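*Asks:* Provided below are the primary sequence and the corresponding predicted coordinates.
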2 protein chains.
Amino acid sequence: MVRLSKKVEYGLIAIRHVATRSNGELVTAKEIADRYHIPYELLAKVLQKLSKAGLIVSHQGVRGGYTLAKHPSEIRVSKVINAIEGTLPMIAQCMSEGPESCGVFSVCTIKSPLHKVQANIEQAFNSMTLMEIV
Amino acid sequence: MVRLSKKVEYGLIAIRHVATRSNGELVTAKEIADRYHIPYELLAKVLQKLSKAGLIVSHQGVRGGYTLAKHPSEIRVSKVINAIEGTLPMIAQCMSEGPESCGVFSVCTIKSPLHKVQANIEQAFNSMTLMEIV
DNA sequence: TCAAAATAGGACTGAAAGAGTCGTATATTA
DNA sequence: TAATATACGACTCTTTCAGTCCTATTTTGA
């Protein structure tokens, strides 16, 4: 519980790797998969999501690959996570899926403290950019 | 991903409830289960863990139940979580289960930023006591 | 022009974790 | 001694996660 998914880990490692080659050079999914011992197909999907989210740019075809779409300082970790998971990390179900999703919501007495922690975590992911990871 | 378990939610709600009756009055698992619509057996186990961890005191027998073991200001949320889960929330596997558990560890390039976030989360749970939840 | 190399993406499988249930034992009280 | 509580292991069911498979599409260069 309260663990980042492997996809997010792989995504962060991957986009960081792309960032290190930000001289315009293309990086392929295969290259990253080999280098970090990440299952290729899984990584490929993660990269596709990062691409669809506009964090990296994809180039199809024979000498294709990926490059960063923006400067590392403009890529927040929260955006990377959001791109991969479709949502930010939420420590309680009611936060991500709404009050109806939680059978306890109406009588729940710990909403406000949990929101505090939640804000704290979001802040951590939001304030961290690729810049400080590279 | 990055979600507290239902057990932890129930545990926090429950121990907070016990705290509100801290005039020495006993609170039963059944009472809490009814009041918050929590499955009784599940809640019972959670309370047992809190009891074993010394956060609440159990009284068996007919007019038994639970009371707080300490002053609310001395009960950190991190302790509650730890009692229930056996470990604090760790955002990466290598943190809770060691380097060998992660196939990527040796070449992982995001350890240090993740540790930063981890420290942040721990701080949040550590600095929050029952006092501010009641 | 066509084979090779790359991304795109849906469908599927297997394993692990999470949530909840069941059954039984033990302690305490009235 | 019956009723009411906690104690606790074993089990089931469901969902999520990680990973695989398969096929399509795009692009390059020989």
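*Replies:* Perfect, I can see it now. Numbering: from 1, shown residues only, chains lettered A, B, ... in the order given.
*Asks:* so where do the helices sit in chain A?
*Replies:* A:6-20, A:29-36, A:40-52, A:77-85, A:93-97, A:111-127 (DSSP state H).
*Asks:* the longest one and DNA strand C, are they touching?
*Replies:* Right, the one you point to is helix A:111-127. No: using C-beta under 7 Å from any atom of the strand, helix A:111-127 stays clear of DNA strand C, with a minimum separation of 13.8 Å. In this view, the C-beta of every residue, glycine as well, is placed from N, C-alpha and C.
*Asks:* between the helices of chain A, which gets nearest to residue B:127?
*Replies:* Taking C-beta to C-beta, helix A:111-127 is the member of the helices of chain A nearest to residue B:127, at 9.7 Å.
*Asks:* tell me the angle of the closest one relative to helix B:111-127?
*Replies:* Interaxial angle of helix A:111-127 relative to helix B:111-127 (axes from the mean of the first three to the mean of the last three C-alpha atoms, to 10 degrees): 160 degrees.
*Asks:* need the contact list for the residue lying farthest from the centre of chain A.
*Replies:* Most distant from the centre of chain A: residue A:107, at 33.3 Å, with distances by C-alpha atoms, centre = their mean. Shown in contact with residue A:107 (C-beta atoms under 8 Å, 6 or more residues apart in numbering or on different chains): B:35, B:36, B:37.
*Asks:* specify which member of those is nearest to residue A:100.
*Replies:* Scanning those for proximity to residue A:100, where the rule is C-beta to C-beta, the winner is residue B:37, at 13.9 Å.
*Asks:* ok so, going back, most neighbours, which of the contacts of residue A:107?
*Replies:* residue B:36 (19 neighbours; other C-beta atoms under 10 Å in any protein chain shown).
*Asks:* contacting residues for the residue nearest the centre of chain A?
*Replies:* The residue lying closest to the centre of chain A (C-alpha atoms, centre = their mean) is residue A:81, at 2.3 Å. The contact partners of residue A:81, by C-beta under 8 Å, 6+ apart, come to A:4, A:8, A:11, A:88, A:89, A:125.
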